[in-house]
Structure formats: structure tokens, C-alpha cells
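**Q** Quick one: sequence and predicted model below, then my questions.
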Amino acid sequence: MSGSSELLRQLAREVALVPQEAVLETGRRGRNLFIGIPKETSFQEHRVPLTPQSVAVLTGRGHQVLVERDTGRAVQFQDSDYSEAGARVVDSAEEVFQADLILKVAPPAHREIEMLRHRQILISALQLTVQPKDTLRRMMEKRTTAVAWDFIKDREGIYPIVRAMGEIAGTTSIQIAGEYLGAEKGGPGLMLGGISGVAPAEVVIIGAGTVGEFACRAALGVGASVKLFDRSIYRLRRVQNDLGTRIWTSVIQPEELKKALRQADVAIGALRPEQGRTPMVVTEEMVRDMKAGAVIVDVSIDRGGTFETSEVTTHTDPVFKKYGVIHYGVPNIASRVPRTASYALSNIFGPLLLSMGDKGGFDELIKSNLGLRHGVYLYNGALTSAILGEAFKLPYKDLDILLAAF
């Protein structure tokens, strides 16, 4: 970016902040929100973005919430729970999409995009890079303002929802591995932790991010022996410091990784790419050399997978065997425990929506909340994401400049 363009962006950001500062000096200007929560239609997506408890807080502050019937059935939230919390339960998605702000977990399906009204606000997961180009174009034509919750940051610069789902995925991956080590699931009949006189299971975790850290915690918690690999020595040190105990760690070196996998009873794929595809660091040859009955849980499968032999599976048919090794490749592990995941989502969305109402609406909040602004990829139909613009060869605009114009 040229110096003049950077200067223009900086000036736009400063201008965008000015109206919010003036409002704060004269007192809070609240605004009641009109929120719609449709039932998720994506395959095996069971999570909900708001629990009845969070809805009760929102309606108690004067906000209106529409919930489609049976939205919370998979997580044991009844329609009566939502209605008693002050929401209006409606029979169709068309009724929900009359709201000003649509809150979803999964990305919008084609039918949902057709139901969007002009200048409506949508908060959901992104994943547009794996969707047809006309999906993005149609949302632009409707002048939608769209926020990707997986790109929202908090005050510390952390992606809070991604981290919460990573904590769930890391912990659950060890529970899954323990289940498939059992004889009734076709495994060798091992306990993760062993007992006195019997060695514990060997667990290899590849990736020292949030998923890897919480997989370590869960494995150590049941007494397993853990080896942690990552490309970054900094991340390995951070996990070791956060755990408060010394574990076996190594940077990813093919021969060292191959040796560890040969002895492993469980291997967890937890690498995350900066962008694009997950690095495939485990070759087919390495998997071939693993023990018969060993379990692979490739949490990174949603971005291509850490293991060359991995394939995408589903919650109804989650595993397959290759070279005698059990492979688990479900991309949406958090939906295996949807009630826990729903509470985690609600803990973040609830306060965010309350803040939005207190600040005077979405437009006012993003002028001061840089973390929320980071998740915006469409603003009144204008594409504001450079990544998506370059991927789909579409023009994009700087959000700071757009905000300064309003």
C-alpha cells in the first residue's frame, strides 16, 4: 500500500471515531434491537447462538427477539424456554428474517440469502471462500452488512469465539480418542491413562495452538503420556508455561515426528494455517508405520487436514480404517457437544448485543469497537475484505473510509 493510501486510511479511522466520542460526552444513546434467530439448516449443525438465559437478559433490556420453532431442540432448549425468556417463537424462517439483525452459527445457505432484506445485518460464520462466487455477489446486491464471528476480536486481540470452539475441540478430541481405543469401537482395548504397573497410552499432538493446548490438558488429566509438536518454538514454550508442567516437546522434524507416531496410540492433528490450507506434515508412509488400532483425530480436517490419509467424515459415520489405523475426520467437532458450545457462543454474543444496543446500534458500535469491526466483510453491500476481494476478483473498499462517509 502506498504512503498516501495509508495516510488516507489513518485519517478515515480518526474521523470515524469522532462521532462516538461526542456521544459519550453527552450521555448514552441506547437503541432497541430487533434480533432474529433462524433454525440451523446446515448438515449436523446443532449449536444455537443464544441460550434462553441470554435471551431473557436481552428482552429484559427492551430488545425484541424472534426465534424459529424447534431451534434449540438438539440442545434440549424447548420453545417454551425461549418464550418464557421473552422471545417470540415463530413458525417459519421467513418470519425470522423480518428482523433487522440475523444471528446464526453456520454460514447462510442459498435459501437464507434469498430471504435477506435490503440493508439487513447478518452475523454468522464466514467460510465464503468455499462457497460459490454468486453467494457473495447476491449478498452485495442486497446491500447486506455481514460480520464473520470467526474474525471478531476482543480487547486483547484474541478471537474469542474461535478460541472457545478450539478449547472444546481440543478437549473433545481426547474424549473421542479414548472412546475409539475401546474394544467395543474396534480399537485395541486400551485405557488412555493406564493403571499401576501398566503403561499409559502414548498421545502425539501436532499443533500447539488452542486446540493443541486443550488436547494436552485433557490427555494429561487422564494420565496419558503426551508428546507435543509444532512449527513454532514460541508456541511450544507458551503451552508448557501455561500448563505449569514440563512435557515432551519438539519442533516438527520429519524423522522425529515419524519416530513418535510409530510409538503412538493416539495422534491429534491440531495445526492451523495462517491462511489457506493446513500444512500436511504427516505423510501416508508415516501413517502406514503406526500401530494397528491406533487412533487419529484430525481436528484440522476443516482446512484440509494434518494427515495425508485423512478424509472428511460425519457425526453419523465418523471413522474409517486405513492401514489398520482408525481415522476420525468430522470437521465440526464442537457440534458433537452442542449444548456446551451453545453456552460458549452465547457468553460472547449476549454481551456483544447488549453493548450494541447501549451504543445506539451496529453502526455506532463498530466506530469504537475495533474487534467487531475486524469481523465485518460486507458493509451496506460493499466488500471490505481484501482476502475475499482477491479470492473472487471483486473490488473491495476500506471500511474506515466507508464509516467516515456516514
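**A** Sure, I can see it.
**Q** for the stretch 101-250 of the chain, what spans make up the helices?
**A** 110-115, 133-141, 160-181, 210-221, 233-243 (DSSP state H, counting those that start in this stretch).
**Q** Which among these is found nearest to residue 44?
**A** Closest of these to residue 44 is helix 160-181, at 14.5 Å (criterion: CB to CB). (Glycine included, C-beta is placed from N, CA and C.)
**Q** Deepest-packed of the helices of the stretch 101-250 of the chain, please.
**A** Ranked by mean neighbour count, the helices of the stretch 101-250 of the chain are led by helix 210-221 with a mean of 24 (mean count of other CB atoms under 10 Å).
**Q** List of residues touching that one?
**A** 162-163, 166-171, 173-175, 192, 203, 205-206, 226, 228, 230, 239, 242-243, 245, 247, 266, 268, 270, 272, 299 (CB atoms under 8 Å, 6 or more residues apart in numbering).
**Q** what domains does the record give for this structure?
**A** Following automatic domain parsing, the chain resolves into domains at 3-151+337-405, 165-335.
**Q** mean pLDDT lowest for which of the ones you listed?
**A** Mean pLDDT values for the domains of the chain show the minimum at domain 3-151+337-405, a mean of 87.
**Q** I'd like to know how far the closest residue to residue 328 other than its chain neighbours sits from residue 268.
**A** In this structure, residue 328 finds its nearest non-sequential neighbour in residue 297, 4.6 Å apart by CB to CB, 6 or more residues apart in numbering. Distance of residue 297 to residue 268, given as CB to CB, to the nearest Å: 5 Å.
**Q** intersection of neighbour lists for these two?
**A** 173, 177.
**Q** what are the phi and psi values for the residue lying closest to residue 385 once chain neighbours are set aside?
**A** For residue 385, ignoring the flanking residues on the chain, the nearest one in space by CB to CB, 6+ apart is residue 377 at 4.0 Å. Per-residue torsions, residue 377: phi -120, psi -10 (degrees, to the nearest 10).
**Q** Identify the residues contacting residue 377.
**A** 126, 128, 146, 147, 148, 151, 383, 384, 385, 388.
**Q** What about the residues you listed, which one has the most neighbours?
**A** residue 146 (28 neighbours; other CB atoms under 10 Å).
**Q** my guess is it contacts residue 125, does it?
**A** No - counting by CB atoms under 8 Å, residue 146 stays clear of residue 125, with 10.8 Å between them.
**Q** ok, now which ones touch the residue nearest to residue 328?
**A** Neighbours of residue 297 in contact, by CB under 8 Å, 6+ apart: 173, 176, 177, 266, 267, 268, 269, 328.
**Q** now those residues in CSV, with distance to residue 317?
**A** CSV is the format used below for the contacts of residue 297 (distance: CB to CB, whole Å):
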residue, distance to residue 317
173, 18
176, 14
177, 18
266, 21
267, 21
268, 20
269, 19
328, 11
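**Q** that older thread, now distance to residue 393 too, for the helices of the stretch 101-250 of the chain, in a markdown table please.
**A** Shown next, in a markdown table, are the helices of the stretch 101-250 of the chain (distance: least, CB to CB, whole Å):
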| stretch | distance to residue 393 |
| --- | --- |
| helix 110-115 | 20 |
| helix 133-141 | 9 |
| helix 160-181 | 27 |
| helix 210-221 | 33 |
| helix 233-243 | 34 |
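**Q** Between these, which one is closest to residue 361.
**A** Comparing the helices of the stretch 101-250 of the chain under CB to CB, the one sitting nearest is helix 133-141, at 20.1 Å.
**Q** How about residue 310, nearest residue that isn't a chain neighbour?
**A** Nearest to residue 310 is residue 298, by CB to CB, 6+ apart, at 4.3 Å.
**Q** any idea how far residue 231 is from that neighbour?
**A** 17 Å.
**Q** which of the two has more neighbours?
**A** residue 298 (29 against 15).
**Q** For the more buried one, give me its contacts.
**A** 268, 269, 305, 306, 307, 310, 327, 328, 329.
**Q** Report back the residue of the chain that's furthest from centre.
**A** Distance from the C-alpha centroid of the chain peaks at residue 197, with 40.9 Å (CA atoms, centre = their mean).
**Q** Let me see the contact set for the most centrally placed residue in the chain.
**A** Nearest to the mean C-alpha position of the chain, by CA atoms, centre = their mean, lies residue 162 at 4.0 Å. Residue 162 is in contact with 150, 210, counting by CB under 8 Å, 6+ apart.
**Q** Quick check: pLDDT value at it.
**A** Looking at residue 162, its pLDDT stands at 92.
**Q** Shouldn't residue 274 be within a strand?
**A** No - if the criterion is DSSP: H, G, I helix; E, B strand; the rest coil, then residue 274 is coil and not within a strand.
**Q** Against residue 239, how distant is it?
**A** 18 Å.
**Q** would residue 364 count as being in a strand?
**A** No - using three-state DSSP, the assignment for residue 364 is helix, not a strand.
**Q** Which helix or strand contains residue 258?
**A** Secondary structure from DSSP states H and E places residue 258 in helix 254-263.
**Q** Counting by contacts, list what that helix packs against.
**A** strand 202-206, strand 225-230, strand 248-251, helix 284-288 (3 or more CB pairs under 8 Å, 6 or more residues apart in numbering; DSSP states H and E).
**Q** what inclination does the longest one have with respect to helix 160-181?
**A** Calculated by axes from the mean of the first three to the mean of the last three CA atoms, to 10 degrees, strand 225-230 forms an angle of 140 degrees with helix 160-181.
**Q** Can you give the strand pairings for strand 225-230, parallel or anti for each?
**A** According to DSSP bridges, strand 225-230 forms sheet pairs with strand 202-206 (parallel), strand 248-251 (parallel).
**Q** How about residues contacting the last one?
**A** Read that as strand 248-251. Residues contacting strand 248-251 (CB under 8 Å, 6+ apart): 208, 225-233, 236, 239-240, 256-257, 260.
**Q** With stretch 188-203 instead?
**A** Residues outside stretch 188-203 that contact it (CB under 8 Å, 6+ apart): 174, 177-178, 181-183, 215, 219, 222-227, 260, 263-268, 291-293.
**Q** mind listing what's buried in it?
**A** 188, 190, 192, 193, 200, 201, 202, 203 (16 or more other CB atoms under 10 Å).
**Q** No further queries at this time; thank you.
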